[in-house]
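**Student:** 3D model of this:
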Amino acid sequence: MLSCEDFLTTNLRGEYTSESLYVSAENATMSVNAIYNSLYGNTLWIFGDVASDDAVKGGNAGDQADINAINDFSAKSDNGILNTFWQSSYETISRANNAIANIPGIQMDDALKNRLIGEAKFLRAYSYFNLVNIFGKVPLKLKPQNKTATIYVALSDENKIYTQIEQDLTDAVAVLPEAYPLEKGRTTKGAAYALLAKAQLYQKKYAECLTNIQSLEGLNQYELLDNYADLFKSGAEDSVEIIFSLRYVNNTEVSLGNHLNVWFAPSIEGGYYFNAPTQSYVDAFTEQTTDNMDDPRLDTSIGREGKPWFNNKTFSASWSEATGYLVKKYNEDMVPELAKSQSTIPYHAIRYADVLLMKAEAINEIGGTDAITNAAKEVNKIRLRAGLALTTASTQTDLREVIRKERRKELGFEFHRFFDLMRWGKETAETALGTDFHWTEPRFYFPVPQTELDTNQALQ
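**Tutor:** Now for the predicted structure:
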């Protein structure tokens with residue numbers, strides 16, 4: 001008979017308590033690194049893309065029914081995708097809360113201490129920004145979950161969540177550096193300004209949004225790359241266009257690569273061919289370049305029949321049973337091809353093109369003298385990079401439509417589209433999403449997961 005007594009009595013190794021972890025600068029840095037690590041399982045695409053008009057679930061028809069429920073807005077509180085995203089987000093928040101609460105007590109260099117706390121606040125704000133835009137009211141947990149009062153927290157209104165997001169990012173702006181010469185990938189002052197501007201844009205605080213974009217531009221750290229396609233290659237995370245990016249490494253022993261490569265690749269390359277682009281997305285590319293070519297953003301973003309793929313292949317519509325298209329941005333030449341989980345292609349959460357389009361939108365919505373001219377100037381930077389002619393829009397309404405179309409084409413499959421549709425309102429969302437979608441005031445949110453309803457005593 002096999003006994004497990006020896007296993008049960010072995011002391012845990014590599015485990016830290018708050019008392020043993022937060023004792024040195026090295027450990028403080030380790031604790032903040034762990035917050036970044038918690039972002040590794042990136043499923044934001046299911047909400048940003050699949051829930052939008054840019055994509056459907058894809059994959060085999062019977063696979064991942066919970067994703068399909070997100071796709072057609074039938075998801076209930078017992079949906080596994082909702083639960084997974086909720087739990088991973090609150091894991092990030094929990095790690096951030098622990099760092100924010102405990103790092104101040106460590107005897108260490110003050111500049112490093114403040115920077116680490118700023119990083120933690122940025123990452124907490126980033127998580128709450130995603131949560132509030134998916135679920136609306138969520139528990140606002142700001143302290144370590146080591147007692148009943150901090151474990152069981154009631155739902156907070158969206159306005160309260162946004163107030164905390166803005167406060168965290170304002171704090172982060174004050175202490176984060178503009179760049180990290182030796183520590184690539186950490187959050188910067190520019191990232192805090194950009195996310196703060198985005199949170200304000202989502203709340204229609206257009207003047208405040210512009211103020212923070214102007215502060216970001218004053219750093220002189222960011223500009224558009226000349227070639228759009230270069231953004232989606234290994235190493236692009238270090239380019240001057242990237243403001244905040246999730247990075248991955250290629251390690252043959254431990255899979256630390258970008259698994260989006262697995263989710264989106266065709267089955268002939270070991271992928272699952274999910275997140276299938278729609279014909280509606282393809283049809284959004286109505287303009288050709290000034291050289292009478294297709295907008296280069298289309299074939300950079302997706303694979304379509306007869307166009308170059310990777311590893312010297314030509315794309316076949318048969319690879320995507322759902323729509324005939326697949327996402328291309330997170331794929332790359334892989335040797336061997338089946339090592340898809342080893343991709344080093346980054347996920348760009350915020351890049352400068354997004355900021356320029358936010359700036360154009362804010363200027364246009366504020367209106368006033370020269371608003372059309374100044375907003376068009378920003379959106380034309382995006383259009384010119386794509387090889388398109390300058391916009392001819394001459395009214396606020398027409399330019400609003402141009403900006404929205406450019407956001408869709410420029411940021412396709414970077415997980416923004418659904419959230420844009422929600423903030424643009426009922427008419428825009430219902431037109432784009434069709435009969436499966438039913439707007440509910442103040443806007444559509446997915447339900448709080450049943451696991452939270454069952455375990456959080458403050459919700460019972």
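
**Student:** any idea what Y180 is structurally, helix, strand or coil?
**Tutor:** coil (DSSP: H, G, I helix; E, B strand; the rest coil).

**Student:** Nearest spatial neighbour of it, chain-adjacent residues omitted?
**Tutor:** Nearest residue to Y180, sequence neighbours excluded (CB to CB, 6 or more residues apart in numbering): R186, at 5.2 Å. Just so you know, the C-beta spots here come from the backbone N, C-alpha and C atoms, and that holds for glycine as well.

**Student:** Run a quick neighbour tally on the one you found.
**Tutor:** Neighbour count of R186, defined by other CB atoms under 10 Å: 20.

**Student:** E441 now?
**Tutor:** For E441, the count of nearby residues is 6 (other CB under 10 Å).

**Student:** same check, this time on the one 4 residues further on
**Tutor:** The number of residues packed around Y445, counting by other CB under 10 Å, is 16.

**Student:** got the contact list for the nearest residue in space to it that is not next to it in sequence?
**Tutor:** In space, and not counting its chain neighbours, Y445 is closest to G136: 3.7 Å by CB to CB, 6+ apart. G136 makes contact with 158, 443, 445, according to CB atoms under 8 Å, 6 or more residues apart in numbering.

**Student:** just to revisit the earlier point, ok, the residue nearest to Y180 touching E119?
**Tutor:** Yes - assessed by CB atoms under 8 Å, R186 is found in contact with E119 at 6.1 Å.

**Student:** Tell me, how many residues neighbour the residue nearest to G58 when sequence neighbours are not counted?
**Tutor:** Sequence neighbours aside, A276 is the residue nearest to G58 in space, at 3.2 Å (criterion: CB to CB, 6+ apart). A count of neighbours around A276, defined by other CB under 10 Å, yields 25.

**Student:** swap in the one 5 residues further on?
**Tutor:** The number of residues packed near Y281 is 24, by other CB under 10 Å.

**Student:** Quick one: mean pLDDT for the longest helix anywhere in the chain?
**Tutor:** Among the segments of the chain that qualify as a helix by DSSP state H, the longest is helix 110-135. In this model, helix 110-135 has an average pLDDT of 98.

**Student:** ok, the closest residue in space to S318 that isn't next to it in sequence - contacts?
**Tutor:** Computed as CB to CB, 6+ apart, the closest residue to S318 that is not its neighbour in sequence is G324, at 7.9 Å. Going by CB under 8 Å, 6+ apart, G324 touches 304-305, 317-318.

**Student:** For G324, give its distance to Y273.
**Tutor:** 11 Å (CB to CB, to the nearest Å).

**Student:** Kindly report the same for L388.
**Tutor:** 30 Å.

**Student:** swap in P266?
**Tutor:** Distance from P266 to Y273, counting by CB to CB: 5 Å.

**Student:** Which one of these two is surrounded by more residues?
**Tutor:** Y273 (25 against 20).

**Student:** wouldn't that one be in contact with S316 here?
**Tutor:** No - if you go by CB under 8 Å, Y273 and S316 don't touch, sitting 11.6 Å apart.

**Student:** What is the burial count for D54?
**Tutor:** D54 has 29 nearby residues by other CB under 10 Å.

**Student:** go on, A65?
**Tutor:** A65, neighbours per other CB under 10 Å, totals 12.

**Student:** Point me to the residue sitting closest to the centre of this structure.
**Tutor:** Nearest residue to the geometric centre of the chain (CA atoms, centre = their mean): A349, 4.3 Å.

**Student:** in the stretch 251-400 of the chain, which spans are strands?
**Tutor:** According to DSSP state E, counting those that start in this stretch, the stretch 251-400 of the chain carries its strands in the segments 274-277, 302-303, 326-327, 347-351.

**Student:** would you list those strands in a markdown table and tack on mean pLDDT and distance to L210?
**Tutor:** Listed next are those as a markdown table, based on pLDDT from 0 to 100; distance: least, CB to CB, whole Å:
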| stretch | mean pLDDT | distance to L210 |
| --- | --- | --- |
| strand 274-277 | 98 | 33 |
| strand 302-303 | 98 | 33 |
| strand 326-327 | 98 | 32 |
| strand 347-351 | 96 | 17 |
